[in-house]
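**Q** Sequence isn't available, so here's the structure alone:
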């Protein structure tokens with residue numbers, strides 16, 4: 001009797017120990033920036049890569065002036081468009097300029113402007129200088145905003161989706177924050193950034209556990225249409241077995257408890 005009891009007890013301790021080892025092995029892999037120490041670490045950030053306008057991007061350009069008539073001359077009408085309805089003039093939205101395949105937009109009075117590769121402030125300055133040089137507006141204030149620029153965040157994050165770019169500089173940390181951070185099952189060692197550069201699809205890998213690796217990555221600053229993918233870690237991958245029946249799953253522990261109960265009944269009866 002004691003012999004069987006000892007066997008069951010040893011089996012239980014072994015399985016529980018395996019579970020504890022797995023837990024300890026994975027908990028150390030969830031901490032970001034493990035190589036950084038407060039007050040001691042200094043890392044040179046990569047060169048800032050501000051977002052530039054590319055073909056098929058949509059931007060809004062607003063010209064303000066003391067003369068309302070001049071403002072109306074250079075600004076597209078405020079419109080809203082709904083499925084099944086014709087667009088009408090109102091104050092619910094602003095029309096934008098879609099950059100064509102050659103990287104140009106057709107601006108009122110001025111005509112064709114090549115904006116591909118330009119930053120927001122560069123476009124605004126070019127139009128302002130052009131309006132003044134051609135004596136079209138004496139006191140223009142030009143504002144340029146992004147309209148359809150987005151990044152996608154997929155994989156082991158709390159809120160995957162497509163997120164609008166509302167600033168000139170967007171980092172991979174910004175994108176992960178908008179997606180609600182990684183889940184506990186996200187692989188901090190391998191976050192992928194997929195970026196199309198011309199006819200080439202580039203894939204960058206980022207290790208979030210290393211601040212030095214993160215800040216030196218060419219993908220630290222994101223561009224429009226980038227896709228950020230967080231791979232599942234080993235715990236999540238092993239949970240995806242056919243029945244999910246392993247030491248990391250609830251079903252395993254239920255099955256084990258049932259087995260040990262059955263063995264106990266046989267022994268003590």
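**A** Everything's here; your move. Computed from a prediction, not measured in an experiment: that's the story for all the values here.
**Q** Worst mean pLDDT across the helices and strands of this structure, which element?
**A** strand 88-89 (a mean of 38; mean pLDDT, DSSP states H and E).
**Q** After it, which helix or strand is next?
**A** strand 97-98 (DSSP states H and E).
**Q** ok, that following strand: who's next to it in the sheet?
**A** The pairing partners recorded for strand 97-98 under DSSP bridges are strand 58-64 (antiparallel).
**Q** Residue ranges of each domain in the chain, please.
**A** Following automatic domain parsing, one finds the domains of the chain at 2-27+245-268, 58-146, 150-232.
**Q** For this protein, which segments are assigned as strands?
**A** Using DSSP state E, the strands of the chain run over 58-64, 79-80, 88-89, 97-98, 104-107, 111-114, 141-146, 150-155, 161-164, 186-197, 200-206, 227-232.
**Q** Which of the ones you listed sits closest to residue 46?
**A** Of all these, it is strand 200-206 that lies closest to residue 46, at 12.0 Å by Cβ to Cβ. In this view, the C-beta of every residue, glycine as well, is placed from N, C-alpha and C.
**Q** Residue nearest the middle of the protein, spatially speaking?
**A** Among the residues of the chain, the one closest to the centroid is residue 175, at 3.3 Å (Cα atoms, centre = their mean).
**Q** how near is that residue to residue 219?
**A** Distance of residue 175 to residue 219, given as Cβ to Cβ, to the nearest Å: 10 Å.
**Q** Which neighbours do these two have in common?
**A** Between them, residue 175 and residue 219 share these contacting residues under Cβ atoms under 8 Å, 6 or more residues apart in numbering: residue 226.
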